[in-house]
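**Student:** Just to be clear, the model below is a prediction. Sequence and coordinates:
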Amino acid sequence: MNSSAAPSFCLQNLSTLGASHTRCAALALALGVLATGCKPKEGAEPGQPGAAKTYDKGPHGGRLLSDGAFAAEVTIYERGVPPQFRVYFYDGGKPVAPSKVKLEIVLTRLGGRVDRFPFRPEQDYLVSDKVVEEPHSFDVSVVAESGGQHSWKFSQREGRVEMSDETVKSSAIEVSVAGPLVMRSELNLPGEIQFNADRLAHVVPRMTGVMREVRKNLGDEVKKGEVIAVLESRELAETKRAFVEATHELAFAKRAYEREEGLWKKNISSESSYLTQERLYHEALYKLQSAEQQLEALGIGKVGRDALLQPGSTLTRYELRAPFDGVITEKNVALGQAVKEFDDLFMVADLSTVWVEIAVYAKDLNDIKVGQDVTVRSEAPAMSATGKIAFVGALVAADTRAAKARVILPNAEHQWRAGLFVNVAVVQNEVPVAVAVKREGLQKFRDWDVVFIRSGNEFEARPLQLGREDGAWVEVLSGLSAGEQYASSNSFILKADVGKAGAGHDH
């Protein structure tokens, strides 16, 4: 990687080092790698925030730390990966194999948190096993062992301002302590009433023919097995005729087979004649089984098949029956209409239950679980019902960025109609969270949601991962621990001061 392609780095605030470490301090400032593209303030005193200095760079674009002939070039790499240390080593200007160096970097953050970074060899550098978390503001200790011990210490300040108690008070900045909270809230989500797809049936004729009877109309209630229409079909007649013929052929073949078997056992008939008759019997058996299965596929069971063997049986008549108790919700057929086997003639829906399909946005997915109590409300008509979440989808749709959840509602009175838009309130009356902050204390800093934590007279922007909220409070999933102090009101003043100080960097 050439120097022009490598990330550039700078440091906003340095601690004053002893005179005996002047050269080490100038080089050690390389670990200001976290402030990409920022500029120190001109005119500041050496060793003070914003002091203008120049630093040696290594061949990979990182800052160079030197101790005699030994040198370490430290970079933070974050192209396509979370920020990580990558450190190169030299002795007398020549590269040193990373496997020959033992390295540890220790970061001490505001408030006393300590991050230790072990390293492993990779290609021609050592890479840290941990992510260099934001904010990149800390005191740094570097210890490298290679034919002796080499160490450097310095500080970096980023997103940090200093403010006395008097200034905090006059600015009306309220300081609170982050901690556990019982959040009381309802999560409101949009929903739509739909037919219960598990109790929805399309009635198709399964063969071509002409409608001779249409007994049910749209909105009619039906019982399971009730005839809703009658079809006349020549195709059905052929299928039934094939069954009747196969039945008779099997009876004849069976008698012939049994007769031939008896003659063969008495040595009156040849074995060849016996085997031929046995084959004919089995062929007739398979032919009848095939005809029975064709009728079974059309919904004609054993009772119906037995009726075909009676004299005067009608071969062209085919009855369409309701698959279960329900209501005709679609009708696409008229008397005398010619139909094909896959025509959708009726739709029967069991309206004793309905589905409530809920859109759950990605940010709310962690709050939705199977079994949660919900309240379903409709404004027009005004009604409500309670239920439980029965299903949460695993797919977030690309167009809506929402997943589906489902509630099954009883609907004995048929008051919930498909297509009705509803509001679904997920009951979250008391939700204990480990750490919560006041919503008014949150600020946007770069691309992060932050609060300004306080330690002594210093405030620093702390990026947070946020969770659920109830309007006044917001859950903190990571970035802040219980017991830490933060600016809970008028924190925009701190953000403005950080901006004036130029204490940020671009990524």
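**Tutor:** That came through, no problem.

**Student:** Can you give me the domain boundaries for the protein?
**Tutor:** Residue ranges of the domains in the chain are recorded as 19-157, 165-183+431-501, 234-315, according to automatic domain parsing.

**Student:** Now mean pLDDT, mean neighbour count and distance to residue 222 too, for these, in a markdown table please.
**Tutor:** In short, each C-beta sits where N, CA and C put it, glycine included. Compiled in a markdown table, the domains of the chain are given as follows (pLDDT from 0 to 100; neighbours: other CB atoms under 10 Å; distance: least, CB to CB, whole Å):
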| stretch | mean pLDDT | mean neighbour count | distance to residue 222 |
| --- | --- | --- | --- |
| domain 19-157 | 76 | 17 | 61 |
| domain 165-183+431-501 | 92 | 17 | 46 |
| domain 234-315 | 86 | 14 | 15 |
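
**Student:** Next, report how far the helix ranked longest in the chain is displaced from the centre of its chain.
**Tutor:** As far as residue count goes, and with DSSP state H defining each element, the longest helix of the chain is helix 234-265. Using CA atoms, centre = their mean, to the nearest Å, the distance from the centre of helix 234-265 to the centre of the chain it belongs to is 61 Å.

**Student:** Check stretch 358-365 too.
**Tutor:** Between the mean C-alpha location of stretch 358-365 and the chain-wide mean there is a distance of 9 Å, by CA atoms, centre = their mean.

**Student:** same deal with stretch 159-177?
**Tutor:** Per CA atoms, centre = their mean, the centroid offset for stretch 159-177 relative to its chain is 40 Å.

**Student:** Which residues does it contact?
**Tutor:** Stretch 159-177 has contacts (CB atoms under 8 Å, 6 or more residues apart in numbering) with 13, 110, 135, 137, 437-438, 441, 445, 450, 454, 457-461, 483-491, 493-494, 497-498, 501, 503-504.

**Student:** So which of those residues are in helices?
**Tutor:** 493-494, 497-498, 501.

**Student:** Tell me how far residue 371 lies from residue 208.
**Tutor:** Shown here: residue 371 relative to residue 208, a distance of 49 Å by CB to CB, to the nearest Å.

**Student:** In the stretch 1-150 of the chain, what residue spans correspond to strands?
**Tutor:** Counting by DSSP state E, counting those that start in this stretch, residue ranges of the strands within the stretch 1-150 of the chain are 63-67, 70-77, 84-91, 94-95, 102-108, 114-117, 119-122, 125-128, 138-145, 149-156.

**Student:** Make TSV from those strands and add distance to residue 267 to it.
**Tutor:** Shown next, in TSV, are these (distance: least, CB to CB, whole Å):
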stretch	distance to residue 267
strand 63-67	109
strand 70-77	96
strand 84-91	94
strand 94-95	101
strand 102-108	99
strand 114-117	98
strand 119-122	90
strand 125-128	93
strand 138-145	103
strand 149-156	109
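
**Student:** now for the ones you listed, which one comes closest to residue 231?
**Tutor:** Between residue 231 and the strands of the stretch 1-150 of the chain, the tightest spacing by CB to CB is seen for strand 84-91, at 71.8 Å.

**Student:** what's the angle from the closest one to strand 102-108?
**Tutor:** Between strand 84-91 and strand 102-108, the angle comes out at 130 degrees (axes from the mean of the first three to the mean of the last three CA atoms, to 10 degrees).
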